[in-house]
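Student: 3D model of this:
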Amino acid sequence: MENYQNLNERVIHIKDNIEEVNRLIEE
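Tutor: Okay, the predicted model is just below:
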């Protein structure tokens, strides 16, 4: 179960990164 928690945290970081990239693209 700990593995899934780590994976979930990484996915959340990736999601944040994607949103940041989208913001840069829109400018």
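Student: which other residues reach whichever helix or strand Asn3 is part of?
Tutor: If you go by DSSP states H and E, Asn3 is part of helix 2-26. The contact list for helix 2-26, computed with CB atoms under 8 Å, 6 or more residues apart in numbering, is empty. Glycine gets a C-beta too; all of them are placed from N, C-alpha and C.
Student: just the mean pLDDT for it, thanks.
Tutor: In this model, helix 2-26 has an average pLDDT of 96.
Student: how far off centre is that helix?
Tutor: The chain centre lies 0 Å from the centre of helix 2-26; the measure is CA atoms, centre = their mean, to the nearest Å.
Student: could we number from 47 for the rest of this?
Tutor: That works, and once the first residue is 47, the last one we named lands at helix 48-72.
Student: in that helix, what counts as buried?
Tutor: In terms of neighbour count (16 or more other CB atoms under 10 Å), helix 48-72 has no buried residues at all.
Student: pull the CA atoms of stretch 48-56 into CSV?
Tutor: C-alpha atoms of stretch 48-56 as CSV (Å, rounded to 0.1, in the frame of the first residue of the first chain):
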residue,chain,number,x,y,z
GLU,A,48,2.9,2.3,0.7
ASN,A,49,3.9,2.0,-3.0
TYR,A,50,0.6,3.4,-4.1
GLN,A,51,0.9,6.3,-1.7
ASN,A,52,4.3,7.2,-3.2
LEU,A,53,2.9,6.9,-6.7
ASN,A,54,-0.1,9.1,-5.8
GLU,A,55,2.2,11.8,-4.5
ARG,A,56,4.3,11.7,-7.7
